[in-house]
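> no sequence on this one, just coordinates:
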């Protein structure tokens, strides 16, 4: 049973990494334009991206 | 905002042709952003898909000076940055316009950033609560399973401590929106739904911590966190629905920032923002420009479209010394005006004040959810307190047990489902309407629409399309062609209608426009004239009906062209359908009696009033309200704005003036009137679902409250009951999205 002593913290840490990643994505504006992001993936690349 | 130097340079450099005068001065909106770069925010209209985004961004990126160009498809805002002088703003804006997308400058400072931040904060709280709910639930499931197998108290205690470790910081963070609102309510001496929510969450957390330290069997960390998670979903949905509508309304407001051309002492022309213009200044109003100030004509003869102020369809001639009002449209020739009033003192502002006054009266409307909460909150508190006292004194239980039971009552009665019942339906309904071109601006609009029994329409621009069309009966094709060749040269609405009627005819060279009179063209045979009765040298005729143009020329019999403003294609059908559903229909117009009577007859509207001033309209709506009627007002003009605000709920076409769209609760797009019918039908269905949802939530409470009071609700039961009731409510709301098409006229 002593396994849970370190398994639970590891699980929580992994969860926290996911939460931090989401909060970072939110902060960096990736959720500002959900409609646009869905369409942008279809754009062809241009030679000179800006 | 506008640096005067830059504005002067740009204003002087540009030729004063009408096209550029109607456009805002983009240079003034450019902001330096360091390292020689300038940035500009624009609102782009007519962007619908990724293709548009790509075209615009590519076109801008191909220009060498542009360093950043990104268009947000959700908000239609274009963020631009470039190296070089601020004047490049003009070229860049033109680049987008040349692709066929109208643009307007947009000042982030004008709009409230606070609202957007609140939405992000809610989303962050939601993420934290979701993380905590998932992890605490994981541990709780282990504890619950342990009740049936033989989990030792040490292991259980460890799992409880881990739960506490996750739940307490999460509650402290994610509960803040509720705690703040509850505190505010308590400070002002009343109670709202957030008070029992905060109490339940805090008591549950505190009690569970106590139990954990004492090594107890049951802790409620999972209930407290899940409760927050579900409620935050409801809050977030609610906020998003409002935010979407607000973004659209802000877009309309931003389009209103048009500068004024001021003639300075030394004869230079300066473009100034409207709020910097003062009385006594001289301003120029080009043909086709909307006048931004109240004033008096110094020089020039033109015709004004006053339909915004009066609802009158016919342009009014104006000459030196005539007063002009802000909001009117200068049609045929440039005017020089002396400013008499600006901003708050104009007739336009007066109408806005009238509207705000009416709006305050309406603000007393209390949302259904709030009304329920007002009744519900004291009930919940009473129940929890009674449970605590009952267990302590009647049953003689130790205070810990009594408090734990009371907390269970608070948790179970907490309006998880109640908090989702209304927003879930509203989000689905407004999403559905948005997909069909109708924008709900007010959160309570659906509730108010659902009880409407009377629909009042404005005429011009609402029942009709608001632009004159040539009546073709008995027209000579040759005369029409000749007239159209002259008419193509003018911006007058009647001339434009004539030109539209014969689009294949090329515009003749050398047409001259005589403001307030008509057009002339010198041909080898003599002078051709197209214009008013007077211009064509015909006698005045008082009985003349509706707008008309006359074509005269050497050796020709005078040819008369009459115009009508035809009703929207489906107006008669929509009105018939509304009447069939038991709505009383009325027509209130500022237009002349004869025009209103004819339209009312054509559409089968028995009750109508003509020549109504904005105040008359408000008075009529108040009379109707006095009779206990719930009125839906549909209107588009500035003269309708006070009436729109005074009605119990209001609707505007998207072709309406900004202020009417601001005053209205909903805005519909397109050339059809069908959305009106669709909106009232959908509102009734949505309201039915909201009520069903509230009853479902109550039904769930009726079953679980006795269990909770009896002390039978363990954390496991609470978790199952809360989740299932929330899912039932959301599932019921989703029926709105699935069901048939309510707007069909069949």
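Cool, got the structure. Computed from a prediction, not measured in an experiment: that's the story for all the values here.

> Quick one: end-to-end length of stretch B:538-555, please.
In stretch B:538-555, first residue to last residue: 15 Å (Cα to Cα, to the nearest Å).

> Near residue 27, how many other residues are there?
All of this is about chain A. Using other Cβ atoms under 10 Å in any protein chain shown, residue A:27 has 11 neighbouring residues. Using the backbone N, CA and C atoms, a C-beta is placed for each residue, glycine as well.

> To clarify, I was referring to chain B.
25.

> Next, residue B:66: phi, psi?
phi -70, psi 130 (degrees, to the nearest 10).

> So what sits opposite it in the bridge?
Beta bridges link residue B:66 to residue B:82 when assigned by DSSP bridges.

> Now the phi/psi pair for the residue in chain A that chain B sits nearest to, please.
Proximity of chain A to chain B (Cβ to the nearest Cβ) peaks at residue A:39, 2.5 Å away. Main-chain torsions, residue A:39, degrees, to the nearest 10: phi -90, psi -30.

> Leaving out the residues flanking it, which one is nearest to it?
Nearest residue to residue A:39, sequence neighbours excluded (Cβ to Cβ, 6 or more residues apart in numbering or on different chains): residue B:50, at 2.5 Å.

> Same question for residue B:303.
Using Cβ to Cβ, 6+ apart, the closest residue to residue B:303 is residue B:315 (4.0 Å).

> what residues does chain A put near chain B?
Residues of chain A lying near chain B by Cβ under 8 Å from any Cβ of the partner chain: A:1, A:4-5, A:8, A:11-12, A:15-16, A:18-19, A:22-23, A:26, A:31-36, A:38-40, A:42-43, A:46, A:48-50.

> so how far is chain A from residue B:596?
Per Cβ to the nearest Cβ, to the nearest Å, residue B:596 is found 43 Å from chain A.

> Thought residue B:608 was touching that residue, still the case?
Yes. When contacts are counted by Cβ atoms under 8 Å, residue B:596 is listed as touching residue B:608 (5.6 Å).

> Please go through chain A and pick out the longest helix.
As assigned by DSSP state H, the longest helix anywhere in chain A is helix A:3-27.

> Need the overlap of contacts for residue B:596 and residue B:608.
Common neighbours of residue B:596 and residue B:608 (criterion: Cβ atoms under 8 Å, 6 or more residues apart in numbering or on different chains): B:587, B:589.

> Settle it for me: which of these two has more neighbours?
The neighbour count for residue B:596 versus residue B:608, taken as other Cβ under 10 Å, is higher for residue B:596 (24 against 20).

> Need the nearest residue in space to that one, chain neighbours excluded.
Distances taken as Cβ to Cβ, 6+ apart put residue B:610 closest to residue B:596, at 3.9 Å, once the chain neighbours are dropped.

> cool, residue B:424 as well?
Using Cβ to Cβ, 6+ apart, the nearest residue to residue B:424 is residue B:733, at 3.8 Å.

> State the three-state secondary structure for that neighbour.
Secondary structure, DSSP: H, G, I helix; E, B strand; the rest coil: residue B:733 is helix.

> Quick check: the gap between it and residue B:169.
Distance from residue B:733 to residue B:169, counting by Cβ to Cβ, to the nearest Å: 32 Å.

> Look at those two and report which has more neighbours.
Using other Cβ under 10 Å, the more surrounded residue of residue B:733 and residue B:169 is residue B:733, with 25 against 12.

> Touching, residue B:653 and residue B:463? I think so.
No. Assessed by Cβ under 8 Å, residue B:653 is found out of contact with residue B:463, at 10.2 Å.

> of those two, who's got more company?
The neighbour comparison of residue B:653 against residue B:463 (other Cβ under 10 Å) goes to residue B:463, with 29 against 26.

> buried subset of the residues of chain A next to chain B?
A:8, A:12, A:15, A:19, A:22, A:33, A:36, A:39 (16 or more other Cβ atoms under 10 Å in any protein chain shown).

> Which one of those is nearest to residue B:714?
Nearest to residue B:714 among these is residue A:8, at 22.7 Å by Cβ to Cβ.

> Show me what residue of the stretch 551-700 of chain B gets nearest to chain A.
residue B:669 (17.5 Å).

> Can you give me the neighbour number for whatever residue of chain B ends up closest to chain A?
Nearest residue of chain B to chain A (Cβ to the nearest Cβ) works out as residue B:50 at 2.5 Å. Residues lying near residue B:50 (other Cβ under 10 Å) number 19.

> surely it meets residue A:37?
No. Counting by Cβ under 8 Å, residue B:50 does not reach residue A:37; the two are 9.6 Å apart.

> Close to chain A: what parts of chain B are there?
B:49-51, B:53-54, B:58, B:61, B:66-69, B:71-75, B:120, B:123-124, B:127-128, B:131, B:134-135, B:138-139, B:155, B:158, B:162, B:166.

> doesn't residue B:550 fall inside a strand?
Yes. The assignment for residue B:550 by three-state DSSP puts it in a strand.

> Not counting its neighbours along the chain, what's nearest it?
In space, residue B:550 comes closest to residue B:536 once its chain neighbours are excluded; the distance is 3.9 Å by Cβ to Cβ, 6+ apart.

> before we move on, which element is that neighbour in?
Secondary structure assigned from DSSP states H and E places residue B:536 in neither a helix nor a strand.

> Same check on residue B:261?
Counting by DSSP H and E, the element that carries residue B:261 is strand B:259-263.

> for that strand, packing partners?
Judged by 3 or more Cβ pairs under 8 Å, 6 or more residues apart in numbering or on different chains; DSSP states H and E, strand B:259-263 is in contact with strand B:269-273, strand B:282-285.

> For those, give me CSV that also has mean pLDDT and mean neighbour count.
What follows is the helices and strands packed on strand B:259-263, written out as CSV (pLDDT from 0 to 100; neighbours: other Cβ atoms under 10 Å in any protein chain shown):
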stretch, mean pLDDT, mean neighbour count
strand B:269-273, 73, 21
strand B:282-285, 84, 22
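
> now the ones you listed as a markdown table including distance to residue B:602?
Output for those, formatted as a markdown table (distance: least, Cβ to Cβ, whole Å):
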| stretch | distance to residue B:602 |
| --- | --- |
| strand B:269-273 | 44 |
| strand B:282-285 | 36 |
